[in-house]
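Engineer: For reference, the sequence and a predicted model appear below.
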Amino acid sequence: MPKMDPQMVKEWKARYDALHEFKLEEARNMLPADRLAKAQALVNWLASTGRLAVREDDLEFHLRWQHARQKWLEKFG
């Protein structure tokens, strides 16, 4: 495996960090309505491609969830 040039690695890392910071700033500036629209678009896309699993929630599931939630609140809440 060829040895990597340290200067090239530093330049790549600087560009990567700049892009990452740009994307983070973009996400921070997004309005709640935009976030909701983006989430809804993702859910619609997942549903249209058949990747959105249908949950078969029943009373037993909800009771188990409430019991676990209650225990967690007793311990940490």
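Structural biologist: Looks like it arrived, so ask away.
Engineer: Contacts for the helix or strand encompassing residue 13 next, please.
Structural biologist: Here residue 13, judged by DSSP states H and E, is contained in helix 6-28. By CB atoms under 8 Å, 6 or more residues apart in numbering, no surrounding residue is in contact with helix 6-28. Placement of C-beta: from N, CA and C, glycine included.
Engineer: Which SSE is immediately downstream of it?
Structural biologist: With elements assigned by DSSP H and E, the helix or strand that comes after helix 6-28 is helix 32-48.
Engineer: thinking again about what came up before, for the record, mean pLDDT for the helix holding residue 13?
Structural biologist: Averaged across helix 6-28, pLDDT comes to 94.
Engineer: Burial check on residue 16, number of neighbours?
Structural biologist: Counted by other CB atoms under 10 Å, the residues lying close to residue 16 total 10.
Engineer: I meant to write residue 52 there.
Structural biologist: Residues near residue 52, counting by other CB under 10 Å: 13.
Engineer: Contacts only, for it.
Structural biologist: 43, 46.
Engineer: Repeat the analysis, applying 6 Å as the threshold.
Structural biologist: Contacts for residue 52 (CB atoms under 6 Å, 6 or more residues apart in numbering) come out as residue 46.
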